[in-house]
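Visitor: sequence below, structure please.
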Amino acid sequence: MHLAIIGCGYIGRSLAVKWKKKNYLLTLTIQKSKEYESLLPLAQKVYLLKSFDEEELRPIVEQNDVLVLTLSADSINEYEATFFKTAETIYKLAKKTTTPKYLIYTSKTSLYGEQNGLWTDENALLKPLSEADRILSKTEKRLLQLKELNWKVCILRLAEIYGPGHELSQKNKKLSLEILETYQDTYTNMVHLEDVTGAIDYALNHKLEGIYNLADDEHPTLKEFLKQIYKELGIQSKTKWEATTKKPYLGNFRVSNYKIKSTGYRFIYPKRLIN
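Guide: As a prediction, this is how the structure comes out:
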(Lines give C-alpha, C1' and ligand atoms only; values in the text may rest on other atoms or scores of the structure.)
Protein backbone atom coordinates (compact mmCIF):
# COMPACT_ATOMS: atom_id res chain seq x y z
CA MET A 1 0.00 0.00 0.00
CA HIS A 2 1.34 3.41 -1.00
CA LEU A 3 0.53 6.23 1.42
CA ALA A 4 1.23 9.96 1.22
CA ILE A 5 1.29 12.32 4.17
CA ILE A 6 0.79 15.84 2.85
CA GLY A 7 2.08 18.31 5.41
CA CYS A 8 4.67 16.84 7.79
CA GLY A 9 4.50 19.22 10.71
CA TYR A 10 3.78 18.21 14.31
CA ILE A 11 1.17 15.60 13.38
CA GLY A 12 2.51 14.44 10.03
CA ARG A 13 6.04 13.78 11.25
CA SER A 14 4.79 11.77 14.24
CA LEU A 15 2.52 9.78 11.94
CA ALA A 16 5.44 9.09 9.59
CA VAL A 17 7.49 7.72 12.49
CA LYS A 18 4.59 5.42 13.45
CA TRP A 19 4.05 4.18 9.92
CA LYS A 20 7.73 3.65 9.15
CA LYS A 21 7.67 0.90 11.79
CA LYS A 22 4.90 -0.80 9.79
CA ASN A 23 6.99 -0.77 6.62
CA TYR A 24 4.42 1.17 4.60
CA LEU A 25 5.57 2.70 1.32
CA LEU A 26 5.54 6.33 2.37
CA THR A 27 5.62 9.61 0.49
CA LEU A 28 6.01 12.76 2.58
CA THR A 29 5.69 16.44 1.74
CA ILE A 30 7.12 19.48 3.47
CA GLN A 31 7.26 23.18 2.63
CA LYS A 32 10.19 24.19 4.81
CA SER A 33 13.51 23.31 3.19
CA LYS A 34 15.33 23.18 6.53
CA GLU A 35 13.22 20.15 7.55
CA TYR A 36 13.63 18.25 4.27
CA GLU A 37 16.77 16.30 5.21
CA SER A 38 15.33 15.10 8.52
CA LEU A 39 12.38 13.47 6.73
CA LEU A 40 14.47 11.42 4.29
CA PRO A 41 15.06 8.47 6.68
CA LEU A 42 11.29 8.13 7.25
CA ALA A 43 10.05 7.55 3.70
CA GLN A 44 10.71 6.28 0.19
CA LYS A 45 9.97 9.71 -1.29
CA VAL A 46 10.03 13.22 0.14
CA TYR A 47 8.73 16.22 -1.82
CA LEU A 48 9.61 19.82 -1.03
CA LEU A 49 6.46 21.64 -2.15
CA LYS A 50 6.59 25.25 -3.23
CA SER A 51 2.82 25.41 -3.56
CA PHE A 52 -0.25 23.18 -3.66
CA ASP A 53 -1.02 23.49 -7.37
CA GLU A 54 -1.74 20.67 -9.83
CA GLU A 55 1.81 20.36 -11.10
CA GLU A 56 3.15 19.87 -7.57
CA LEU A 57 0.46 17.51 -6.30
CA ARG A 58 -0.22 15.42 -9.42
CA PRO A 59 2.52 12.78 -8.90
CA ILE A 60 1.60 12.46 -5.23
CA VAL A 61 -2.08 11.87 -5.97
CA GLU A 62 -1.44 9.55 -8.91
CA GLN A 63 1.19 7.37 -7.21
CA ASN A 64 -0.52 6.76 -3.86
CA ASP A 65 -3.54 4.78 -2.70
CA VAL A 66 -4.06 6.78 0.49
CA LEU A 67 -3.69 10.53 1.04
CA VAL A 68 -3.47 11.93 4.57
CA LEU A 69 -3.74 15.70 4.87
CA THR A 70 -2.15 16.97 8.08
CA LEU A 71 -1.81 20.56 6.97
CA SER A 72 -0.81 23.54 9.07
CA ALA A 73 -0.29 27.25 8.53
CA ASP A 74 1.84 29.72 10.46
CA SER A 75 -0.56 32.63 9.99
CA ILE A 76 -4.10 33.43 8.86
CA ASN A 77 -2.65 34.83 5.63
CA GLU A 78 -1.57 31.29 4.67
CA TYR A 79 -4.86 29.49 5.39
CA GLU A 80 -6.53 29.95 2.02
CA ALA A 81 -3.44 28.90 0.05
CA THR A 82 -2.64 25.99 2.36
CA PHE A 83 -5.98 24.42 3.24
CA PHE A 84 -8.57 25.32 0.64
CA LYS A 85 -6.19 25.41 -2.32
CA THR A 86 -4.98 21.90 -1.44
CA ALA A 87 -8.56 20.62 -1.28
CA GLU A 88 -9.43 22.36 -4.54
CA THR A 89 -6.37 20.98 -6.32
CA ILE A 90 -6.97 17.44 -5.11
CA TYR A 91 -10.58 17.68 -6.28
CA LYS A 92 -9.45 18.79 -9.76
CA LEU A 93 -6.91 15.98 -9.94
CA ALA A 94 -9.48 13.46 -8.73
CA LYS A 95 -11.68 14.29 -11.69
CA LYS A 96 -8.78 13.30 -13.96
CA THR A 97 -7.83 10.17 -12.02
CA THR A 98 -9.42 6.86 -12.94
CA THR A 99 -8.65 5.11 -9.64
CA PRO A 100 -10.51 6.41 -6.55
CA LYS A 101 -8.39 7.02 -3.45
CA TYR A 102 -8.89 7.00 0.31
CA LEU A 103 -8.37 10.39 1.97
CA ILE A 104 -8.02 11.30 5.64
CA TYR A 105 -8.05 14.97 6.63
CA THR A 106 -7.37 16.49 10.05
CA SER A 107 -9.70 19.43 10.68
CA LYS A 108 -10.54 21.26 13.94
CA THR A 109 -13.38 21.24 16.46
CA SER A 110 -13.08 25.03 16.65
CA LEU A 111 -15.42 25.03 13.63
CA TYR A 112 -18.32 24.47 16.02
CA GLY A 113 -17.96 28.03 17.28
CA GLU A 114 -20.40 29.13 19.96
CA GLN A 115 -22.56 26.27 21.29
CA ASN A 116 -23.34 27.82 24.70
CA GLY A 117 -21.52 25.09 26.64
CA LEU A 118 -23.59 22.25 25.18
CA TRP A 119 -22.32 18.79 24.31
CA THR A 120 -21.43 18.94 20.63
CA ASP A 121 -21.34 16.01 18.23
CA GLU A 122 -20.63 15.74 14.52
CA ASN A 123 -24.19 16.74 13.58
CA ALA A 124 -23.95 20.16 15.25
CA LEU A 125 -24.36 23.22 13.06
CA LEU A 126 -20.99 24.79 12.33
CA LYS A 127 -20.65 28.37 13.53
CA PRO A 128 -17.10 29.51 12.65
CA LEU A 129 -16.03 32.53 14.67
CA SER A 130 -12.84 33.35 12.78
CA GLU A 131 -11.73 33.70 9.18
CA ALA A 132 -9.39 30.73 9.69
CA ASP A 133 -12.28 28.50 10.73
CA ARG A 134 -14.43 29.73 7.84
CA ILE A 135 -11.68 28.60 5.48
CA LEU A 136 -11.43 25.25 7.25
CA SER A 137 -15.19 24.81 6.94
CA LYS A 138 -15.20 25.27 3.16
CA THR A 139 -12.14 23.02 2.94
CA GLU A 140 -14.12 20.23 4.60
CA LYS A 141 -17.02 20.74 2.20
CA ARG A 142 -14.74 20.55 -0.82
CA LEU A 143 -13.06 17.37 0.35
CA LEU A 144 -16.40 15.71 1.12
CA GLN A 145 -17.37 16.31 -2.51
CA LEU A 146 -14.72 13.75 -3.45
CA LYS A 147 -17.29 11.12 -2.49
CA GLU A 148 -19.16 12.06 -5.67
CA LEU A 149 -16.09 10.75 -7.53
CA ASN A 150 -16.19 7.47 -5.57
CA TRP A 151 -13.36 8.46 -3.24
CA LYS A 152 -13.61 7.43 0.41
CA VAL A 153 -13.21 10.39 2.76
CA CYS A 154 -12.65 10.52 6.52
CA ILE A 155 -12.47 13.85 8.36
CA LEU A 156 -11.14 13.92 11.91
CA ARG A 157 -12.05 17.11 13.77
CA LEU A 158 -9.31 17.60 16.36
CA ALA A 159 -9.62 19.32 19.70
CA GLU A 160 -6.59 21.29 20.94
CA ILE A 161 -3.54 19.05 20.65
CA TYR A 162 -0.96 18.52 23.36
CA GLY A 163 1.95 16.11 23.69
CA PRO A 164 5.76 16.04 23.45
CA GLY A 165 7.00 19.57 22.87
CA HIS A 166 3.52 20.93 23.59
CA GLU A 167 3.13 19.83 27.22
CA LEU A 168 0.23 21.19 29.22
CA SER A 169 2.55 22.93 31.67
CA GLN A 170 4.10 24.88 28.78
CA LYS A 171 0.73 25.69 27.23
CA ASN A 172 -0.36 27.20 30.53
CA LYS A 173 2.61 29.56 30.58
CA LYS A 174 1.55 31.03 27.23
CA LEU A 175 -1.89 32.06 28.53
CA SER A 176 -2.08 35.62 29.78
CA LEU A 177 -3.76 36.45 33.07
CA GLU A 178 -6.38 38.42 31.12
CA ILE A 179 -7.36 35.29 29.18
CA LEU A 180 -7.37 33.14 32.32
CA GLU A 181 -9.54 35.51 34.29
CA THR A 182 -11.88 36.43 31.43
CA TYR A 183 -12.59 32.99 30.00
CA GLN A 184 -12.43 30.86 33.14
CA ASP A 185 -15.89 29.32 32.56
CA THR A 186 -15.11 28.11 29.03
CA TYR A 187 -14.98 24.31 28.70
CA THR A 188 -11.67 22.82 27.56
CA ASN A 189 -11.41 20.20 24.81
CA MET A 190 -8.07 18.52 24.22
CA VAL A 191 -6.51 15.43 22.64
CA HIS A 192 -3.05 13.90 22.99
CA LEU A 193 -0.81 13.67 19.92
CA GLU A 194 -0.62 9.88 20.29
CA ASP A 195 -4.40 9.69 19.99
CA VAL A 196 -4.32 11.84 16.86
CA THR A 197 -1.86 9.52 15.12
CA GLY A 198 -3.56 6.52 16.70
CA ALA A 199 -6.95 7.54 15.34
CA ILE A 200 -5.53 8.20 11.87
CA ASP A 201 -3.99 4.73 11.88
CA TYR A 202 -7.27 3.26 13.16
CA ALA A 203 -9.26 5.07 10.47
CA LEU A 204 -6.93 3.66 7.82
CA ASN A 205 -7.16 0.10 9.12
CA HIS A 206 -10.96 0.23 9.41
CA LYS A 207 -11.56 2.44 6.36
CA LEU A 208 -13.68 4.85 8.36
CA GLU A 209 -15.71 7.30 6.31
CA GLY A 210 -17.47 10.52 7.31
CA ILE A 211 -16.72 12.98 10.11
CA TYR A 212 -15.44 12.08 13.57
CA ASN A 213 -14.60 14.25 16.57
CA LEU A 214 -11.33 13.58 18.33
CA ALA A 215 -11.16 14.75 21.94
CA ASP A 216 -10.46 13.03 25.24
CA ASP A 217 -13.08 12.24 27.91
CA GLU A 218 -12.32 15.23 30.14
CA HIS A 219 -13.98 18.63 29.69
CA PRO A 220 -13.24 20.78 32.75
CA THR A 221 -13.65 24.52 32.52
CA LEU A 222 -10.48 26.55 32.04
CA LYS A 223 -10.62 27.49 35.72
CA GLU A 224 -10.97 23.86 36.86
CA PHE A 225 -8.33 22.64 34.47
CA LEU A 226 -5.67 25.19 35.42
CA LYS A 227 -6.28 24.60 39.11
CA GLN A 228 -5.66 20.91 38.43
CA ILE A 229 -2.40 21.73 36.61
CA TYR A 230 -1.27 24.01 39.44
CA LYS A 231 -1.99 21.29 41.99
CA GLU A 232 -0.27 18.51 40.03
CA LEU A 233 2.84 20.59 39.34
CA GLY A 234 2.96 22.34 42.70
CA ILE A 235 2.55 25.79 41.19
CA GLN A 236 1.35 28.69 43.33
CA SER A 237 -1.28 30.52 41.28
CA LYS A 238 -1.61 34.29 41.42
CA THR A 239 -4.72 34.28 39.24
CA LYS A 240 -7.79 36.01 40.65
CA TRP A 241 -10.78 33.83 39.83
CA GLU A 242 -13.62 36.30 39.77
CA ALA A 243 -17.00 36.01 38.05
CA THR A 244 -17.10 37.33 34.49
CA THR A 245 -19.86 38.22 32.07
CA LYS A 246 -17.67 38.31 28.98
CA LYS A 247 -18.19 35.87 26.11
CA PRO A 248 -16.33 32.54 26.15
CA TYR A 249 -12.96 32.34 24.41
CA LEU A 250 -13.44 31.29 20.76
CA GLY A 251 -16.73 29.53 21.50
CA ASN A 252 -17.88 27.32 24.34
CA PHE A 253 -18.76 23.65 23.90
CA ARG A 254 -17.94 20.13 25.09
CA VAL A 255 -16.80 17.86 22.28
CA SER A 256 -18.51 14.47 22.15
CA ASN A 257 -16.18 11.62 21.17
CA TYR A 258 -18.94 9.00 21.25
CA LYS A 259 -19.03 8.41 17.48
CA ILE A 260 -15.42 7.32 17.03
CA LYS A 261 -15.51 5.26 20.22
CA SER A 262 -18.65 3.52 18.94
CA THR A 263 -16.57 2.19 16.03
CA GLY A 264 -14.24 0.48 18.50
CA TYR A 265 -11.46 3.05 18.89
CA ARG A 266 -10.07 3.24 22.42
CA PHE A 267 -8.22 6.35 23.50
CA ILE A 268 -4.63 5.96 24.66
CA TYR A 269 -5.07 9.03 26.86
CA PRO A 270 -8.77 9.35 27.75
CA LYS A 271 -7.67 11.52 30.71
CA ARG A 272 -5.23 14.42 30.48
CA LEU A 273 -1.56 13.68 30.96
CA ILE A 274 -0.28 16.60 33.02
CA ASN A 275 3.46 17.21 32.83
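Visitor: just the terminal-to-terminal distance for stretch 263-275.
Guide: 30 Å (Cα to Cα, to the nearest Å).
Visitor: what are the buried residues along that stretch?
Guide: Neighbour-count burial for stretch 263-275, counted by 16 or more other Cβ atoms under 10 Å, picks out 265, 267, 269, 272, 274. From N, CA and C alone the C-beta is placed, and that goes for glycine too.
Visitor: before we move on, what SS does the fourth one have?
Guide: Going back to what we said before, that points to residue 272. Put simply, residue 272 is coil when judged by DSSP: H, G, I helix; E, B strand; the rest coil.
Visitor: which ones are touching it?
Guide: 162, 168, 190, 216, 218, 225, 228 (Cβ atoms under 8 Å, 6 or more residues apart in numbering).
Visitor: before we move on, back to that, need the buried residues of stretch 263-275 in CSV with distance to residue 129 and pLDDT, can you?
Guide: CSV is the format used below for these (distance: Cβ to Cβ, whole Å; pLDDT from 0 to 100):
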residue, distance to residue 129, pLDDT
265, 28, 98
267, 27, 98
269, 27, 98
272, 24, 93
274, 28, 88
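Visitor: will you turn the residues you listed into CSV that also has distance to residue 28?
Guide: Listed next are these as CSV, based on distance: Cβ to Cβ, whole Å:
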residue, distance to residue 28
265, 25
267, 26
269, 25
272, 30
274, 32
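Visitor: now a ChimeraX select for only the buried ones of the contacts of residue 272.
Guide: What follows is the ChimeraX syntax selecting those of the contacts of residue 272 that are buried according to 16+ other Cβ under 10 Å:
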select :162,168,190,216,218,225
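Visitor: which ones among the contacts of residue 272 lie within helices?
Guide: Using DSSP state H, the subset of the contacts of residue 272 located in helices is 168, 225, 228.
Visitor: the second one touches residue 187, doesn't it?
Guide: No. Between residue 225 and residue 187 no contact is recorded; they are 9.1 Å apart, counting by Cβ atoms under 8 Å.
Visitor: picking that back up, determine which two of the buried residues of stretch 263-275 are furthest apart.
Guide: 265 and 274 (23.0 Å; Cβ to Cβ).
Visitor: quick one: residue 114 from residue 251, how far?
Guide: Distance of residue 114 to residue 251, given as Cβ to Cβ, to the nearest Å: 5 Å.
Visitor: no wait, residue 18
Guide: 31 Å.
Visitor: stretch 107-125: which residues count as buried?
Guide: 107, 108, 109, 110, 111, 112, 113, 115, 117, 120, 122, 124.
Visitor: average pLDDT for it?
Guide: Confidence for stretch 107-125, expressed as mean pLDDT, is 95.
Visitor: same check, this time on stretch 208-220
Guide: 97.
Visitor: what's next to it, contact-wise?
Guide: So stretch 208-220 is contacted by 109, 120-122, 140, 147, 152-159, 187-192, 195-196, 199, 202-203, 228, 254-257, 259-260, 263, 267, 269-272 (Cβ under 8 Å, 6+ apart).
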